[in-house]
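[1] Sequence and predicted structure below; questions after.
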Amino acid sequence: MTGAVVAITGGARGIGAATAGALIAESARVAIGDLDAELAAETARQLGGGAVGVGLDVTDRASFAAFLDQVERSFGPLDVLINNAGIMPLGAFAQESEETARRLVEVNLHGVINGSKLALQRFVPRGRGHLVNIASTAGKTGFPGGASYCATKHAVVGLSEAILKEVRGTGIRMSIVMPVVVRTELGSGLQEARGFRSVQPVDVADAIVQALKTGRVDVYVPRSVGPLIRAQSVLPRALTDAVRRVLRADLVLSSPDPVARAAYDARLAATSATDNPQETGVGAH
């Protein structure tokens, strides 16, 4: 990774900041984009290694393009884009507001679409580059309490699978990162499934670094969750539903601790009030 030019969205905190730190330790040149420009700059300063932090609204294609242009002016041609920014408001689907559903799609899906297109427009002519899309194990199954969130993560997985097939043989790599609950602010107050403890941002960061080095496509964090996710596609639904109940997986998103989650919910509401619907430092289940 020495000298690799890496751009990370939602990089001011959480998984994004941890990944930036891990890549700086590998001597990469890292740029952090985040809706909170001041925090992005401060995080970059704290991480050191020549990192830069700038403002970015992933839902705005012009903002995203300007971010990547600035990265390339500062460091040279882009080698890696990590689409990490996302939000996760929770609640019963039938009571979810139209605004909330729209924000989820704009940030979690359209933000990834914007970044993926803009990165590939740089990668394809050069015949190289690595696109990393942060999805979730929620992109492979469904969890009550987070229906629209799960929908956006399923969409990110499908988008990434299609891109992977389009760029096959071009020298461009794709990785799809699918963690369980990550202990970021976004993941605060969530329950844990039996047998699958939550992970820390550094765990996801280390998995991303390894994927960049090896070219791994499906990146489950922890890796042990991969076989279970794959098994549900071949086992009878009644059996997989029974396993989920035993593991208490259906409670992960449907029964969060409102006190522990209050700070995140307040910050999410504040971004909504300013019509800038991006959470920085995505966590995923």
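    Looks like it arrived, so ask away. Just so you know, these numbers come straight off a predicted model, no measurement behind them.
[2] Quick one: residues contacting residue 213.
    residue 1 (C-beta atoms under 8 Å, 6 or more residues apart in numbering). Every C-beta, even on glycine, is put in place using the N, C-alpha and C of the backbone.
[3] If I look at it, what pLDDT would I see?
    As predicted, residue 213 sits at a pLDDT of 97.
[4] Ok, the one 3 residues further on next?
    At residue 216, the predicted lDDT confidence score is 96.
[5] Show the contacting residues for it.
    Taking C-beta under 8 Å, 6+ apart, one finds 175, 210 in contact with residue 216.
[6] and it, that one's in a strand?
    No - using DSSP: H, G, I helix; E, B strand; the rest coil, the assignment for residue 216 is coil, not a strand.
[7] quick one: it and residue 200, what's the gap?
    20 Å (C-beta to C-beta, to the nearest Å).
[8] try residue 237
    Relative to residue 200, and taking C-beta to C-beta, residue 237 is found at 33 Å.
[9] likewise residue 174?
    Taking C-beta to C-beta, one finds residue 174 at 25 Å from residue 200.
[10] of the two, who's got more company?
    Between residue 174 and residue 200, counted using other C-beta atoms under 10 Å, the more crowded position is residue 174 (23 against 14).
[11] Can you list the strands that the host helix or strand of that one pairs with?
    Using DSSP states H and E, residue 174 maps to strand 172-179. Note on strand 172-179: by DSSP bridges, its sheet partners are strand 129-134 (parallel), strand 218-221 (parallel).
[12] Give the next helix or strand downstream of the last one.
    Sequence order places helix 225-231 as the next helix or strand after strand 218-221, per DSSP H and E.
[13] From the contact counts, what lies against that next one?
    strand 218-221 (3 or more C-beta pairs under 8 Å, 6 or more residues apart in numbering; DSSP states H and E).
[14] Can you name the residues that contact residue 56?
    9, 33-35, 37, 40, 63-64, 67, 85.
[15] what packs against the worst-scoring helix or strand of the chain on mean pLDDT?
    The helix or strand of the chain with the poorest confidence is helix 237-247; it has a mean of 76 (mean pLDDT, DSSP states H and E). Using 3+ C-beta pairs under 8 Å, 6+ apart, no helix or strand is in contact with helix 237-247.
[16] Give me the mean pLDDT for the helix or strand just after that helix.
    The element immediately downstream of helix 237-247 (helix or strand, assigned by DSSP H and E) is helix 262-273. Regarding helix 262-273, the rounded mean pLDDT is 80.
[17] which sections of the protein are below the confidence cut-off?
    Applying pLDDT under 70 to the chain picks out residues 194-196, 272-285.
[18] mind running it again at 80?
    185, 187-189, 191-197, 232, 235, 237, 240-252, 271-285 (pLDDT under 80).
[19] remind me, longest helix of it?
    helix 147-166 (DSSP state H).
[20] Quick check: buried residues in that helix?
    Judged by neighbour count (16 or more other C-beta atoms under 10 Å), helix 147-166 contains these buried residues: 147-157, 159-160, 163-164.
[21] Next, the angle from it to strand 172-179.
    If you take axes from the mean of the first three to the mean of the last three C-alpha atoms, to 10 degrees, helix 147-166 sits at 160 degrees to strand 172-179.
[22] Are there helices or strands packed against helix 147-166, and which ones?
    helix 98-104, helix 111-126, strand 129-134, strand 172-179.
[23] Put together TSV for these, with distance to residue 247 on each row.
    Output for those, formatted as TSV (distance: least, C-beta to C-beta, whole Å):
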stretch	distance to residue 247
helix 98-104	25
helix 111-126	28
strand 129-134	23
strand 172-179	16
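[24] still on that earlier bit, got the angle between the longest helix of the chain and helix 111-126?
    10 degrees.
[25] I'd assumed residue 179 was in contact with residue 137.
    Yes - between residue 137 and residue 179 there is a contact under C-beta atoms under 8 Å: 6.8 Å.
[26] what separates residue 15 from residue 221, distance-wise?
    10 Å.
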